[in-house]
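# Take a look and give me a structure for this.
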Amino acid sequence: MSGSGVGTADARSPWLTAAGWRGLFRDRPLIPLIGLLGVLVALIWLVKPDTINPGWVGITVRAAIPLAILAACQTLTFLTGGIDLSVGAVASMSGFVVATLVGGQGLVVALIVALAIAALAGLLTGIGVGVFKVHPLIMTLGMSLVILGLANVWQIVMVQTGAGVPALLRTLGSGTFLAVLPNSLLVFLPLTAFVLLLLRRTGYGRLLYAIGDNPIAARLSGTKS
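Numbers count the residues shown, from 1 in each chain. Predicted coordinates:
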């Protein structure tokens with residue numbers, strides 16, 4: 001009877017065991033990360049209480065959203081066991097192309113050109129890694145240097161045009177509503193929902209997990225990796 005009672009108590013109280021906490025950290029990493037964020041905010045408040053205010057929250061979230069968008073896209077690469085060191089260079093180059101073309105070609109054309117250049121960079125990287133078997137670390141690092149070099153050349157050509165980011169994009173990228181929430185959430189939330197649905201509800205998402213878990217088994221099972 002006593003042994004049965006102990007077993008029942010352990011089953012009802014998994015958080016009283018080290019295994020339960022390890023499982024929480026392993027299976028629900030968002031929970032400890034939120035806890036760590038809370039600790040950091042508390043430390044900032046203790047050191048400088050005037051820092052914590054709605055404006056500070058808005059600036060922090062606004063600065064984090066572009067990084068979160070890039071991280072969401074980087075996740076797709078990580079799931080296959082790869083890495084992409086060119087993502088920052090591609091993002092910066094795309095923004096610069098939009099800023100330099102919008103004055104003469106219009107916003108729509110500028111966005112299309114920037115997306116086409118980013119897609120071309122991704123295609124060349126994919127060919128190098130997937131076809132020629134160049135290590136992702138080397139391929140993406142080299143691609144980032146190529147992109148930065150081309151961006152410098154483009155800057156020399158376009159620096160005299162007086163280009164600038166259009167008001168609509170400035171409002172979307174740096175504006176806020178309710179004094180706290182950044183307008184860039186209008187881009188981040190749909191993109192996040194798309195990535196989550198892609199990974200959890202589509203065959204392509206399951207394929208990414210399969211390749212990252214065991215590329216040899218995935219290839220022998222008939223997937224084109």
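# Please give the element, helix or strand, for the closest residue in space to V102 that isn't next to it in sequence.
Closest residue in space to V102, ignoring its immediate chain neighbours: A110 at 4.4 Å, by C-beta to C-beta, 6 or more residues apart in numbering. In short, each C-beta sits where N, CA and C put it, glycine included. Using DSSP states H and E, A110 maps to helix 107-130.
# didn't the residue nearest to V102 look like it was pressed against V98?
Yes. Assessed by C-beta atoms under 8 Å, A110 is found in contact with V98 at 4.5 Å.
# Return the set of buried residues in stretch 184-199.
Using 16 or more other C-beta atoms under 10 Å as the test for burial, stretch 184-199 gives 184-185, 188, 195, 199.
# ok, back up a step: any figure for the gap between the residue nearest to V102 and P66?
18 Å (C-beta to C-beta, to the nearest Å).
# Looking at those two, which is more packed in?
A110 (22 against 16; other C-beta atoms under 10 Å).
# and the one helix or strand S92 maps to, what other elements does it pack with?
Per DSSP H and E: S92 is located in helix 87-105. When contacts are defined as 3 or more C-beta pairs under 8 Å, 6 or more residues apart in numbering; DSSP states H and E, helix 87-105 packs onto helix 54-79, helix 107-130, helix 136-158.
# what sits against T51?
44-45 (C-beta atoms under 8 Å, 6 or more residues apart in numbering).
# repeat that for 6 Å
Counting by C-beta atoms under 6 Å, 6 or more residues apart in numbering, T51 touches I44.
# Any buried residues in the host helix or strand of R206, and which?
Per DSSP H and E, R206 falls inside helix 203-213. When burial is assessed from 16+ other C-beta under 10 Å, helix 203-213 yields the following buried residues: 205, 207-208, 210-212.
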